[in-house]
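Q: have a look; sequence and predicted model below, questions after that.
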Amino acid sequence: MHVVVLTPGKEIFSGEIKSVKVPGTSGQFEILSGHAPIVSSLQEGRVTIKTMDGASKVFGIDKGFVEVLN
């Protein structure tokens with residue numbers, strides 16, 4: 001699955017991943033390949049991306065949105 005992490009000023013990550021965990025406003029949730037399309041607001045917390053090689057990338061956020069397409 002391909003993910004792009006954007007800030008208001010720039011793109012900070014783009015690539016193929018295994019999964020991503022995000023701090024939704026109703027609680028943390030994980031997005032895996034094949035996830036149904038969704039748009040959700042995010043609250044302060046950590047976004048954790050598992051890359052295809054098994055490494056983790058962690059980003060702190062204040063708030064935002066996540067959109068899952070196809």
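A: Nice, I can see it.
Q: distance of the nearest residue to V3 once chain neighbours are set aside relative to H35?
A: Excluding the flanking residues, the one nearest V3 by C-beta to C-beta, 6 or more residues apart in numbering is I17, at 5.1 Å. C-beta: built from backbone N, CA, C; applies to glycine. Remark: distance between I17 and H35 (C-beta to C-beta, to the nearest Å) = 12 Å.
Q: who has more neighbours, those two?
A: I17 (19 against 15; other C-beta atoms under 10 Å).
Q: please identify the helix or strand for the more buried one.
A: Taking DSSP states H and E as the definition, I17 sits inside strand 11-24.
Q: past that strand, which element shows up next along the chain?
A: strand 27-32.
Q: and that next one, how far from the chain's centre?
A: 8 Å (C-alpha atoms, centre = their mean, to the nearest Å).
Q: do stretch 58-70 as well
A: With C-alpha atoms, centre = their mean, you get 5 Å for stretch 58-70.
Q: show me the beta-bridge partners of the spatially most central residue of the chain.
A: Centroid-nearest residue in the chain, with C-alpha atoms, centre = their mean: V20, separated by 4.8 Å. For V20, the beta-bridge partners are I31, I49 (DSSP bridges).
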